[in-house]
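Visitor: need a structure here:
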Amino acid sequence: MLEEIRDCTIAEARRDRATWDVSITELKAFIALLYVRGAYCGKNIEVESFWSEQWGNAFFNATLSRNRFREIMRYLRFDKKETRRCRLTTDKFTHVRKVWDRFVENSIASYRPGRRQQASNTTARRERGAEAVEPFVGKGRNITTDHFFTSLPLAKNTSLVGTIKRNKRELPPSEKMVLSVYQCKPRRNVTILSTQHQHVAISTERKRLWNTTTTQKWGLTCSTKWLANIRWHA
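Guide: Numbers count the residues shown, from 1 in each chain. Okay, the predicted model is just below:
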């Protein structure tokens with residue numbers, strides 16, 4: 001993946017600068033700085049501020065110079081522009097398709113699920129969430145998701161419990177699925193789709209997210225507070 005990103009980035013840079021180059025080591029350093037920026041909640045902080053002598057972070061200066069970081073950010077690409085127009089006619093995701101497909105392949109090859117499986121925000125949304133769990137579909141597993149991934153096609157292929165956006169067009173009536181709405185706060189409702197349960201009731205046990213008759217406990221990391229009073233019955 002890094003070699004692909006390196007080749008595409010160099011190809012973009014050499015449209016302006018014939019001898020420009022970047023190494024895999026520099027790319028790793030660049031990615032490390034992006035992670036650290038996120039860890040410091042720096043989304044709304046000007047990037048250059050992290051190299052400030054007075055207010056900056058020493059890790060940034062020790063890892064990569066500010067000018068070099070700017071250069072890599074300027075030229076960073078995940079595909080080659082000369083063939084992009086042709087690929088766009090059949091794939092709107094083509095700008096990152098090759099790297100993304102390799103990421104999914106690597107994720108599947110590296111993951112060994114235990115008794116529980118939970119999809120997180122590190123994968124793609126909707127149908128790409130289904131793509132990531134494809135090896136485990138039909139294997140008797142229940143998948144817990146948040147609204148970032150929950151979709152009817154995924155729910156049809158495997159046991160699933162997860163929050164889902166109410167405005168999705170793919171929510172027709174279904175006898176095999178339960179769609180519930182929980183008001184977590186005034187004027188804020190959470191919609192939950194489940195293929196594992198048939199009935200829903202309010203629980204007085206605030207410590208539990210939900211219960212099933214098989215005593216399995218499932219959690220949505222982003223929805224713990226919202227679903228605290230829901231009891232599910234299989």
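Visitor: all strands in the chain, in order from the N-terminus.
Guide: Using DSSP state E, the strands of the chain run over 117-118, 142-145, 159-164, 178-185, 188-194, 199-202, 230-233.
Visitor: mean pLDDT for those: which is lowest?
Guide: Ranked by mean pLDDT, those end with strand 230-233 at the bottom, a mean of 44.
Visitor: surely residue 56 meets residue 46?
Guide: No: between residue 56 and residue 46 there is no contact under Cβ atoms under 8 Å: 11.0 Å. Any C-beta I mention is one placed from the backbone N, CA and C, and that applies to glycine too.
Visitor: which one of the two has more residues nearby?
Guide: Looking at residue 56 and residue 46 with other Cβ atoms under 10 Å, you find the greater number of neighbours at residue 56, namely 14 against 8.
Visitor: Please work out how many residues are found near the residue nearest to the more buried one when sequence neighbours are not counted.
Guide: Closest residue to residue 56 apart from its sequence neighbours, by Cβ to Cβ, 6 or more residues apart in numbering: residue 50 at 5.1 Å. Neighbour count of residue 50, defined by other Cβ under 10 Å: 21.
Visitor: Kindly provide the distance from residue 50 to residue 26.
Guide: Using Cβ to Cβ, to the nearest Å, one gets 17 Å for the distance from residue 50 to residue 26.
Visitor: ditto for residue 138
Guide: 43 Å.
Visitor: between those two, which one's more packed in?
Guide: Shown here are residue 138 and residue 26; by other Cβ under 10 Å, residue 26 has more neighbours (18 against 10).
Visitor: show me what contacts that one?
Guide: By Cβ atoms under 8 Å, 6 or more residues apart in numbering, the contact set of residue 26 is 64, 68, 72.
Visitor: One more: residue 5?
Guide: Taking Cβ under 8 Å, 6+ apart as the test, what residue 5 contacts is 27, 76-78, 99.
Visitor: Would you map the helices across the chain?
Guide: 2-13, 24-39, 58-63, 66-75, 84-88, 97-110, 127-132, 152-157 (DSSP state H).
Visitor: Could you name the helices and strands sitting against the fifth one?
Guide: The criterion is 3 or more Cβ pairs under 8 Å, 6 or more residues apart in numbering; DSSP states H and E, and there are no helices or strands that helix 84-88 contacts.
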